[in-house]
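**Q** Return atomic coordinates for the entry below.
(chains A and B)
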Amino acid sequence: MPDFLMPSLGADMEQGTILEWRKRPGDRIERGEIVVLVDTDKAEIEVESFGAGWLDEVLVREGDTVPVGAAIARIRTGETERPAAAPVQKPIAPPPPPPPRAPVPAPPTAPRVAPPPARAVPPAGVRIHASPLARRLAADLGVDLAAVRGTGPEGAITREDVERGATQRAAAPPPAPSPAAPSPRAARADKQSAMRSAIAAAMERAHREIPQYYLATRVELSRPLAWLAEQNASRPLAERVLPVALFLKAVAKAAVEVPEVNGFWRDGAFVPGEGVHVGVVVSLRQGGILAPILHDVARSSLPTLFAEFRELVGRARAGKLRSSDVSGGTITVTNLGDQGVETVFGVIMPPQVALVGFGRITDQPFAEHGLLGVKPVVEVTLTADHRASDGHRGGRFLAAIARLLQEPESL
Amino acid sequence: MTRDELREQVLQALAGVAPEADLGALRGNVALRDQLDLDSMDFLNFLVAVHQRTGVEIPEADYGKLATLDQLVAYLLRASAAG
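**A** Here you go, the predicted model:
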């Protein structure tokens, strides 16, 4: 009877808070199905099951925080039919009703180890069964939980119920805010503070532990951009591919050629990655960054890769990432060209050993075969872990990216 | 669609990619990407939404002519009249 563990959803995650169980004891779970929603401080992530079975027992209640690796549920595997002697479906006790006093906000830098206080106060004598996520969303949107009909297990109010309640209420004038309820701006500030702390922890670790070296090269892009424009001319608008897809694919194929940049530094040794799974740095409109993962990039066609990338960015910015979106990255790419940056000197995401940066594509004087012309050029940089590779191999990696970009039809 | 109707469709498409933006304060003659901090992916999603709302097909070669709200609305008006 294997345990279902709190997963590591990013190098900067040390603990997670259970926001909402999507399965109940006795429920069937198929591989890839979403079992639980977890808050990592940086994002709310839907955690999928890596196997099939039955949920036997929930070990951690909604609202509770546990470290990465802690058992959060027990799964019974093997049977395709529900066990005859299924365990008694023990309803999970809802979190205790909130105290009728104003919650005391935690200091912004304090790690959150206790569940956030539920902010929507029910009328006296009415117990509202809602997940912590639904309570928090209700507080953010100013929705009265007592007026929302729950459609979740045992009538629990879910996030979708709160969102529906907010939509239905939109035409009506908003109720006067409770003096105890923090404003949505305060809730966002708290979330951003937690994200900043998580980013700080990962970057501190990178600078403390990793002897990083930096290389850069300029790549002339006339040929790949002309090829891409020709391809896009026959595609409908929604299926056109941006140059970033060429960059991601070239990085992945180059990482196959120079495997020392693709993997992890663990316990004093380099562990090569199995496949090339590229973390892509995504900036969020409300501030902060995430680095969700594109899997098996070296094997994807360009249109498929770009469609996956577009969906991944959309999920990251909508706060709807899944555990498979944030697990298993072997190398990271950051692209700051849209911000006008020409050269990116990035920081490795530990325990990975390399990060590739792309700057803005600019028209520059570029000499080739003795002829000087004005060409579209991008500067590609590598930040690499000197414990895992040397500058010679790092240089070969950048040269491979440059060469592969000149052969776009083979990407 | 009239100019005002096209402008409204464009603003609704923008609200989809930059929901936090104060679109009432948008200046018609300043680049949208600069005013709203749109990256390439945002801009592509925005143009896809504009296409879905107006039916106007926008070739990639014309992206550079559509930097501001005024430019985009004028482009859509011409394309609508021609189509």
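**Q** element containing B:Met1?
**A** Under the criterion DSSP states H and E, no helix or strand holds B:Met1.
**Q** swap that for A:Thr334, please
**A** Assigned by DSSP H and E, A:Thr334 belongs to strand A:331-335.
**Q** Residue of chain B nearest chain A, please.
**A** With C-beta to the nearest C-beta as the measure, B:Asp39 is the residue of chain B nearest to chain A, at 3.9 Å. From N, CA and C alone the C-beta is placed, and that goes for glycine too.
**Q** Count the residues that sit near A:Ala186.
**A** A:Ala186: 13 surrounding residues under other C-beta atoms under 10 Å in any protein chain shown.
**Q** Next, it: secondary structure please.
**A** helix (DSSP: H, G, I helix; E, B strand; the rest coil).
**Q** is it true that A:Ala202 touches A:Ala11?
**A** Yes - counting by C-beta atoms under 8 Å, A:Ala202 touches A:Ala11, with 5.5 Å between them.
**Q** what residues are shared contacts of those two?
**A** Common neighbours of A:Ala202 and A:Ala11, using C-beta atoms under 8 Å, 6 or more residues apart in numbering or on different chains, are A:349-350.
**Q** do you know how far the most centrally placed residue in chain B is from A:Pro303?
**A** In chain B, the centroid-proximal residue (C-alpha atoms, centre = their mean) is B:Val10; its distance is 4.6 Å. Applying C-beta to C-beta, to the nearest Å, the value for B:Val10 to A:Pro303 is 27 Å.
**Q** what's the average pLDDT for the helix or strand following the strand holding A:Thr334?
**A** As assigned by DSSP H and E, the chain's next helix or strand after strand A:331-335 is strand A:354-358. Strand A:354-358 carries an average pLDDT of 98.
**Q** name the helices or strands packed onto strand A:354-358?
**A** Packing partners of strand A:354-358 (3 or more C-beta pairs under 8 Å, 6 or more residues apart in numbering or on different chains; DSSP states H and E): helix A:243-257, strand A:331-335, strand A:371-385, helix A:391-405.
**Q** Recalculate using a threshold of 10 Å.
**A** Applying 3 or more C-beta pairs under 10 Å, 6 or more residues apart in numbering or on different chains; DSSP states H and E, one finds that strand A:354-358 contacts strand A:212-220, helix A:243-257, strand A:331-335, strand A:371-385, helix A:391-405.
**Q** State the three-state secondary structure for A:Arg61.
**A** Applying three-state DSSP: A:Arg61 is coil.
**Q** Could you list the low-confidence segments of the chain?
**A** With no chain named, the answer covers chain A. A:1, A:78-128, A:131-132, A:136-137, A:139-142, A:152-154, A:164, A:166-185, A:187-188 (pLDDT under 70).
**Q** wrong one, chain B
**A** Using pLDDT under 70, chain B drops low at B:83.
**Q** Could you list the residues of it in contact with chain A?
**A** Counting by C-beta under 10 Å from any C-beta of the partner chain, the residues of chain B close to chain A are B:17-21, B:33-34, B:36-45, B:47-52, B:56-61, B:63.
**Q** picking that back up, which of the helices and strands packed on strand A:354-358 sits closest to chain B?
**A** Across those (criterion: C-beta to the nearest C-beta), the nearest stretch is helix A:243-257, sitting at 7.0 Å.
**Q** rewinding a little: so among the residues of chain B next to chain A, which ones count as buried?
**A** For the residues of chain B next to chain A, a burial check counting by 16 or more other C-beta atoms under 10 Å in any protein chain shown picks out B:17-18, B:21, B:33, B:36, B:38-39, B:41-45, B:47-51, B:56, B:58, B:60.
**Q** In chain A, what residue comes closest to chain B?
**A** A:Asp338 (3.9 Å).
**Q** ok, now which ones touch the closest residue in space to that residue that isn't next to it in sequence?
**A** The shortest distance from A:Asp338 to any non-neighbouring residue, by C-beta to C-beta, 6 or more residues apart in numbering or on different chains, is to B:Asp39 (3.9 Å). By C-beta atoms under 10 Å, 6 or more residues apart in numbering or on different chains, the contact list for B:Asp39 reads A:242, A:244, A:282-283, A:285, A:313, A:335-339, B:17, B:33, B:45.
**Q** and those, which are buried?
**A** Judged by 16+ other C-beta under 10 Å, buried ones among those: A:242, A:244, A:282-283, A:285, A:313, A:335-338, B:17, B:33, B:45.
**Q** Distance to A:Val143 added to those, as TSV?
**A** Below are these laid out as TSV (distance: C-beta to C-beta, whole Å):
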residue	distance to A:Val143
A:Leu242	38
A:Val244	38
A:Val282	29
A:Ser283	29
A:Arg285	23
A:Val313	28
A:Asn335	38
A:Leu336	38
A:Gly337	40
A:Asp338	36
B:Val17	25
B:Arg33	34
B:Asn45	28
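**Q** Show me what counts as buried in stretch B:72-83.
**A** So stretch B:72-83, judged by 16+ other C-beta under 10 Å, has buried residues B:72-73, B:75-77, B:79-80.
**Q** Looking at the residues you listed, which one is closest to A:Lys249?
**A** The closest of the buried residues of stretch B:72-83 to A:Lys249 turns out to be B:Leu72 (C-beta to C-beta; 30.9 Å).
**Q** I'd assumed B:Arg3 was in contact with that closest one.
**A** No - counting by C-beta atoms under 10 Å, B:Leu72 does not reach B:Arg3; the two are 11.4 Å apart.
**Q** farthest-separated two in the buried residues of stretch B:72-83?
**A** B:Leu72 and B:Ser80 (12.3 Å).
**Q** all helices of the chain, in order?
**A** Going with chain A. A:132-141, A:159-169, A:184-209, A:222-233, A:243-257, A:302-318, A:391-405 (DSSP state H).
**Q** switch to chain B, that's the one I care about
**A** Under DSSP H, chain B gives helices at B:3-17, B:32-36, B:40-54, B:69-82.
**Q** tilt between the third one and helix B:3-17?
**A** Right, the one you point to is helix B:40-54. When axes from the mean of the first three to the mean of the last three C-alpha atoms, to 10 degrees is applied, the directions of helix B:40-54 and helix B:3-17 differ by 140 degrees.
**Q** pull the CA atoms of helix B:40-54 into CSV?
**A** The C-alpha trace of helix B:40-54 is given here as CSV (Å, rounded to 0.1, in the frame of the first residue of the first chain):
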residue,chain,number,x,y,z
SER,B,40,5.5,38.1,-27.9
MET,B,41,3.2,35.4,-26.6
ASP,B,42,0.7,37.9,-25.2
PHE,B,43,0.7,39.8,-28.5
LEU,B,44,0.1,36.6,-30.5
ASN,B,45,-2.8,35.7,-28.1
PHE,B,46,-4.1,39.2,-28.5
LEU,B,47,-4.1,39.0,-32.3
VAL,B,48,-5.7,35.6,-32.2
ALA,B,49,-8.5,37.1,-30.0
VAL,B,50,-8.9,40.1,-32.4
HIS,B,51,-9.2,37.7,-35.3
GLN,B,52,-11.8,35.6,-33.5
ARG,B,53,-13.8,38.7,-32.7
THR,B,54,-13.6,40.5,-36.0
